[in-house]
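In: okay, structure incoming, though there's no sequence with it:
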């Protein structure tokens with residue numbers, strides 16, 4: 001599966017807005033805020049919040065037109081189609 005990095009302000013701002021579907025993983029980097037929204041989206045997504053050690057500390061599934069902010073700042077945020085990945089809180093990921 002392809003990984004797309006949202007590593008600039010514009011890529012993070014645009015995210016998945018307006019897409020009809022997607023078949024890749026989107027990884028948000030260079031974050032100043034971990035808030036997520038699904039405004040202008042047409043489908044549910046799974047969102048994983050990853051700390052500086054690569055550990056998933058929060059996961060949420062959001063329907064369109066919702067907002068979510070985790071309790072702490074994430075180093076990375078991963079967005080996928082709902083039920084696409086079998087990851088859970090506590091899993092450790094390596095980013096290369």
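Out: Now that the structure is in, tell me what you want to look at. What you are looking at is a predicted structure, and each value in this text was computed from that prediction instead of being measured.
In: and the strands in this structure?
Out: Remark: strands assigned in the chain by DSSP state E are 3-6, 25-28, 36-37, 45-50, 56-62, 67-68, 76-81.
In: now, of the ones you listed, which is deepest in the fold?
Out: Greatest average neighbour count among the strands of the chain goes to strand 45-50 (a mean of 22), per mean count of other C-beta atoms under 10 Å. Any C-beta I mention is one placed from the backbone N, CA and C, and that applies to glycine too.
In: check contacts around residue 53.
Out: Residue 53 is in contact with residue 92, counting by C-beta atoms under 8 Å, 6 or more residues apart in numbering.
In: check the gap between it and residue 4 for me.
Out: Counting by C-beta to C-beta, to the nearest Å, the gap from residue 53 to residue 4 is 23 Å.
In: where among the strands of the chain is the average confidence lowest?
Out: The weakest mean pLDDT among the strands of the chain belongs to strand 3-6, with a mean of 85.
In: turn the strands of the chain into CSV, including distance to residue 95.
Out: Shown next, in CSV, are the strands of the chain (distance: least, C-beta to C-beta, whole Å):
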stretch, distance to residue 95
strand 3-6, 10
strand 25-28, 8
strand 36-37, 19
strand 45-50, 8
strand 56-62, 12
strand 67-68, 22
strand 76-81, 7
